[in-house]
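**Q** Sharing a model that was predicted from the sequence below.
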Amino acid sequence: MPETDVIVVGAGLAGLVATHELVKAGRRVLVVEQENRNNLGGQAFWSLGGLFFVDSPEQRRIGINDSPELAMQDWLGSAAFDHPDEDVWPRRWAEAYVAWAASGKREYVHDLGLRSLPFVGWAERGSGMATGHGNSVPRFHLTWGTGPEVVRIFAEPVERGEQAGLVRFAFRHQVDELIVEDGVVVGVRGTELAPDDSARGVKSNRDAVGTFEVRAAAVVVSSGGIGHNRDAMRAIWPTERVGPAPEHMICGVPAHVDGRMLGIAENAGGRIVNRDRMWAYTEGIHNWDPIWPDHAIRILPGPSSMWFDARGQRLQGMSGVPGADSIGAMKQILAAGHDYSWFILTQSIIEKEFALSGSEQNPDITGKDLKYLLRSRLAKGAPGPVEKFKEHGVDFVVADTLAELVEGMNKIARGPQLELAEIERQIVARDRELANPFSKDVQLMVMNNARRSRTDRLIRVAKPHRILDPEHGPLIAVRLNILSRKTLGGLETNLDSQVMRADGSPFPGLYAAGEAAGFGGGGVHGYNALEGTFLGGCIFSGRAAGLALARDLA
């Protein structure tokens, strides 16, 4: 291995950002990655590319009044920091990140070439309290080019650094140990894996063909979380807070997202905090055309689908509104004694309100094809990828009558058989509320409020109508599964992304960024996330690590 100044473990987004900052400072970087070059950018490549900005030009242009104070109120209400020890650094990171999201973040990525779509999405609409969980206003800025574009703006300057001799990649190299001498991290040891030219995301071999050792002034751990390690997730699942760990869990991230480096860093002396905080989704569907094992896609729903637990009881309150309160919905679903739930909706709703997570599920935006975008999103019918899931997905049932729909739902239920009369009673009661422009039904109130947003009214929220109105048919049911995705806790870090030890002191030579660091501090999101904040957390923490090392190594 060549001499180097900094070793970056993991070639995902956070690692690329840290490397980018180090290259700007003229530092030599070795990026060690267990996958091949096809996987450059890691999970970020597969993302929808949403970014959390505060008081942005895009928001102001469509009449959204946002402010750092409102954003911080929302962040703290969502995070619910309550640990006097483990939440000290996460809270400091949250304050720093929200301030950056309201000031330099947009300029930072804009200068690298990233552009956002002119409409702003409203994710995690909240728990119903001004001081509680959720975004008070739309803040989800969708990248023109989705996740691959977020990766590109950092990968290209890093690759130019590679051409200039400042960056070297060690692909198919798996770190097994941090080298610690006299209390300082001075390098890594590991296993060289057999070559594997698999396509991005496809599970690769773990055949050992050799070992390696390399030393440097510092090591940055940016290896991601535990999203595909379901046994590890179940072992730390917050049962008392959320409910029993799901037996059936599908994976929103590739197989190599195994969390190995977290244990390796902890064994070396780094401190992990908030390990029981995680961000699993409730709206997962099995991919009919999978890339990795148990490949799952998340539905990004608008607010109009009716949501039922596995017993056929409608979810209650704000957490029963799709897209409002992910953890609140999880609690209700698991409390019913099963690990799945149901959407019931109409063709009119699916056409307007269903989007799918993943860059590959949004070819119009990912490909930056404006004509295709307009044709796909504004024309009659659901976007092509959504229609394919409706046609081929094992979780979808389509029928002309409610009786036929419930019969189809019962065929794919993993738990109780649903009673037609009970489902019909609840739908009719909801439909009856549409006789007036006002209602006591929380979901209808949210829908009416959402349509006051220009973006929601134009492209995101269907005009309210009766579910059983045949003019809006056919009827559609979707079996929703628990989907693994993000680790919210991680290696505790100070604002320079330096890993902390158990005694509260910085660990010399060891830094962490991205999901491995809980997106900053060991858990910047606290117990909940506001969405559009994961990519931004990778960028912010990777940038902090790169800037700190560029300064200190000078």
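**A** Arrived safely, thanks for sending.
**Q** which residues of the stretch 151-300 of the chain fall in helices?
**A** In the stretch 151-300 of the chain, the segments counted as helices under DSSP state H, counting those that start in this stretch are 230-235, 239-242, 260-268.
**Q** Touching, Arg543 and Thr19? I think so.
**A** No: under the criterion of CB atoms under 8 Å, Arg543 lies out of contact with Thr19, with a separation of 10.8 Å. (Each C-beta comes from the backbone N, C-alpha and C, glycine too.)
**Q** Mind checking which of these two has more residues around it?
**A** Per other CB atoms under 10 Å, whichever of Arg543 and Thr19 has more neighbours is Thr19, with 31 against 22.
**Q** what sits against the more buried one?
**A** Shown here is Thr19, whose contacts under the criterion CB atoms under 8 Å, 6 or more residues apart in numbering are Val8, Val29, Val31, Phe154, Val158, Gly161, Val167, Gly546.
**Q** Please name every helix or strand in contact with the lowest-mean-pLDDT helix or strand in the chain.
**A** Using mean pLDDT, DSSP states H and E, helix 370-378 stands out as the lowest-scoring helix or strand of the chain, at a mean of 78. If contacts are counted by 3 or more CB pairs under 8 Å, 6 or more residues apart in numbering; DSSP states H and E, helix 370-378 sits against helix 363-366.
**Q** and the helix it packs on, average pLDDT?
**A** Per-region confidence: helix 363-366 scores 93 on mean pLDDT.
**Q** And for stretch 131-142?
**A** Confidence over stretch 131-142 (mean pLDDT, whole number) is 96.
**Q** What are the buried residues along that stretch?
**A** Of all the residues in stretch 131-142, those buried under the rule 16 or more other CB atoms under 10 Å are Gly132, His133, Gly134, Asn135, Ser136, Val137, Pro138, Arg139, Phe140, His141, Leu142.
**Q** nearest to Gln443, of those residues?
**A** Within the set of those, Gly134 lies nearest Gln443; the separation is 15.0 Å, counting by CB to CB.
**Q** Contacts only, for the closest residue to that closest one other than its chain neighbours.
**A** Nearest non-adjacent residue to Gly134, counting by CB to CB, 6 or more residues apart in numbering: Gly126, 2.2 Å away. Going by CB under 8 Å, 6+ apart, Gly126 touches Asp74, Gly132, His133, Gly134, Asn135, Ser136, Met318, Ala324, Asp325.
**Q** Go again with 10 Å.
**A** The neighbours of Gly126, taking CB atoms under 10 Å, 6 or more residues apart in numbering as the test, are 74, 77-78, 132-136, 318-319, 321, 324-325, 328, 446, 530.
**Q** Please apply the same query to Val109.
**A** Contacts for Val109 were tallied using CB under 10 Å, 6+ apart; they are 51, 53, 115-116, 141, 143, 149-150, 153-154, 535-536, 539.
**Q** I'd like to know which of those residues are buried.
**A** Among the contacts of Val109, those classed as buried by neighbour count (16+ other CB under 10 Å) are Leu51, Phe53, Ser116, His141, Thr143, Glu149, Val150, Ile153, Phe154, Leu535, Gly536, Ile539.
**Q** Just want the phi and psi numbers for Arg206.
**A** Recorded main-chain torsions at Arg206 are phi -120, psi 40, according to degrees, to the nearest 10.
**Q** Tell me the pLDDT of it.
**A** On pLDDT, Arg206 comes in at 97.
**Q** again, but for Val188
**A** Note for Val188: predicted pLDDT of 98.
**Q** surely it meets Val175?
**A** Yes: when contacts are counted by CB atoms under 10 Å, Val188 is listed as touching Val175 (4.7 Å).
**Q** Mind listing the shared neighbours of these two?
**A** Contact criterion CB under 10 Å, 6+ apart; residues shared by Val188 and Val175: Ile7, Val9, Val32, Phe212, Val214, Val219, Val221, Met261, Ile264.
**Q** Am I right that the first one falls within a strand?
**A** Yes: in this structure, Ile7 lies within a strand as judged by DSSP: H, G, I helix; E, B strand; the rest coil.
**Q** Mutual contacts of Arg543 and Thr19, please.
**A** Overlap between the neighbourhoods of Arg543 and Thr19 consists of Phe154, taking contacts as CB under 10 Å, 6+ apart.
**Q** got the buried residues for stretch 43-63?
**A** In terms of neighbour count (16+ other CB under 10 Å), stretch 43-63 has its buried residues at 43-56, 58-59.
**Q** no no, stretch 19-31
**A** By neighbour count on 16+ other CB under 10 Å, the buried set for stretch 19-31 is Thr19, His20, Glu21, Leu22, Val23, Arg27, Arg28, Val29, Leu30, Val31.
**Q** now those residues as CSV including distance to Arg311, secondary structure and pLDDT?
**A** Conversion of the buried residues of stretch 19-31 to CSV gives the following (distance: CB to CB, whole Å; DSSP: H, G, I helix; E, B strand; the rest coil; pLDDT from 0 to 100):
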residue, distance to Arg311, secondary structure, pLDDT
Thr19, 50, helix, 98
His20, 50, helix, 98
Glu21, 52, helix, 98
Leu22, 54, helix, 98
Val23, 56, helix, 98
Arg27, 58, coil, 97
Arg28, 60, coil, 97
Val29, 54, strand, 98
Leu30, 54, strand, 98
Val31, 49, strand, 98
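**Q** Return the closest of these with respect to Asn436.
**A** Nearest to Asn436 among the buried residues of stretch 19-31 is His20, at 55.6 Å by CB to CB.
**Q** what's the closest one in contact with, if anything?
**A** Taking CB under 10 Å, 6+ apart as the contact definition, His20 lies against 29, 112, 153-158, 160-161, 167, 539, 542-543, 546.
**Q** Relative to Arg168, how far out is it?
**A** 15 Å (CB to CB, to the nearest Å).
**Q** got it, and Trp279?
**A** Taken as CB to CB, the spacing of Trp279 relative to Arg168 amounts to 33 Å.
**Q** Distance to Thr239 for the buried residues of stretch 19-31 - can I get that in CSV?
**A** Below are those laid out as CSV (distance: CB to CB, whole Å):
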residue, distance to Thr239
Thr19, 39
His20, 40
Glu21, 40
Leu22, 41
Val23, 45
Arg27, 45
Arg28, 46
Val29, 41
Leu30, 41
Val31, 38
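**Q** Check the secondary structure at Ile476 for me.
**A** For Ile476, the secondary-structure state derived from three-state DSSP is strand.
**Q** shouldn't it be in contact with Ser304?
**A** No: checked against CB under 10 Å, the pair Ile476 and Ser304 is beyond contact range at 11.8 Å.
**Q** overlap in contacts of these two?
**A** Residues touching both Ile476 and Ser304 (CB under 10 Å, 6+ apart): Phe343, Leu345, Thr346, Ile349, Ile350.
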